[in-house]
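what's the 3D shape of this:
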Amino acid sequence: VLMLESALTDVLTVVLSLGLLRALTPGETVTAGSVVADIGRAFLVAALIGAAGAFIWSAILPKVRQFPNTVFTTVAYVLILYGLTEMWGYSGAIAALTFGIAVANLPSIPERVQGKVINFRLVGFADVERMFFGEAVFLVKTFFFVYLGISISLSEWRTAATGLSIAMIAFVGRAVMVRLLASKETTRRDAMLMTA
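Reported below is the predicted structural model:
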């Protein structure tokens, strides 16, 4: 739940921010409806691009694996998919997220259903690829937080105090939301982990 929430909120934050910034472009008339429509369209088209890319990749992955040292090919393919989606004016992050979800779950479609639509087998990520992606995510997160730390300047105490206050409000709000929205079967330990 926490991994899915983290992925969705990270992507949602980026897409929402970009949508609002695009809406604030000088010379454009901005309405709440147009912002919501732009964001919804960006999400939907990007998700369709990601799903289509996942279907294609899942179909050709068995052929790609016949070559040696192909762990990086999926990463390269996702970067191309991301770049194309961004170039077309949609969210590359949503496309990449949809791609990952689809490739991970396409192979679980029963073969009798697949056989009615296509005449080839869809495959998912191998354990080696999953381990590689896990390590890559760890590296990216580490460098992101190092970059974030480098970017923070504590010379302005008011700015730092404002940021700390907002973080505390968000933390308290999260505790309230976990208490309200977590299922009754959630243990106290799991609720505390979700809050933290």
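
which SS state does residue 123 fall under?
Secondary structure for residue 123, judged by DSSP: H, G, I helix; E, B strand; the rest coil, is coil.

show the contacting residues for it.
Contacts for residue 123 (CB atoms under 8 Å, 6 or more residues apart in numbering) come out as 58, 61, 62, 107. From N, CA and C alone the C-beta is placed, and that goes for glycine too.

packing partners of the helix or strand harbouring the second one?
Right, residue 61. Residue 61 belongs to helix 32-64 when assigned by DSSP states H and E. With contacts taken as 3 or more CB pairs under 8 Å, 6 or more residues apart in numbering; DSSP states H and E, helix 32-64 sits against helix 2-23, helix 71-87, helix 92-105.

closest one to residue 136 among those helices?
helix 71-87 (7.1 Å; CB to CB).

what's in contact with the closest one?
Under the criterion CB under 8 Å, 6+ apart, residues 46, 49-50, 53, 57, 61, 64, 91-96, 99-100, 125, 128-129, 132-133, 136 lie in contact with helix 71-87.

same check on stretch 185-193?
2, 178, 179, 182, 194.

which intervals of this protein have sub-threshold pLDDT?
Along the chain, the parts satisfying pLDDT under 70 run over 7, 11, 14-15, 18-30, 35, 109-122.

how many residues are close by residue 124?
16 (other CB atoms under 10 Å).

so it touches residue 107, yeah?
Yes. Because the distance of 4.1 Å satisfies CB atoms under 8 Å, residue 124 is recorded as touching residue 107.

any residues in contact with both of these two?
With CB under 8 Å, 6+ apart as the test, residue 124 and residue 107 both reach residue 58.

how near is the closest residue to residue 50 other than its chain neighbours to residue 41?
Leaving out its chain neighbours, the residue that sits closest to residue 50 by CB to CB, 6 or more residues apart in numbering is residue 98, at 3.0 Å. Residue 98 is 15 Å from residue 41, where distance means CB to CB, to the nearest Å.

which of those two has more neighbours?
residue 98 (24 against 13).

dump the residue contacts of that one.
So residue 98 contacts 46, 47, 48, 49, 50, 51, 54 (CB under 8 Å, 6+ apart).

show me how to select, in PyMOL, the buried members of the residues you listed.
Remark: buried members of the contacts of residue 98, expressed as a PyMOL selection using 16 or more other CB atoms under 10 Å:
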select buried, resi 46+47+49+50+51+54
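
farthest-separated two in the contacts of residue 98?
For those, with distances taken as CB to CB, the pair at the greatest spread is 46 and 54 (12.5 Å).

follow-up on the earlier one: from the contacts of residue 98, which is closest to residue 154?
residue 46 (37.2 Å).
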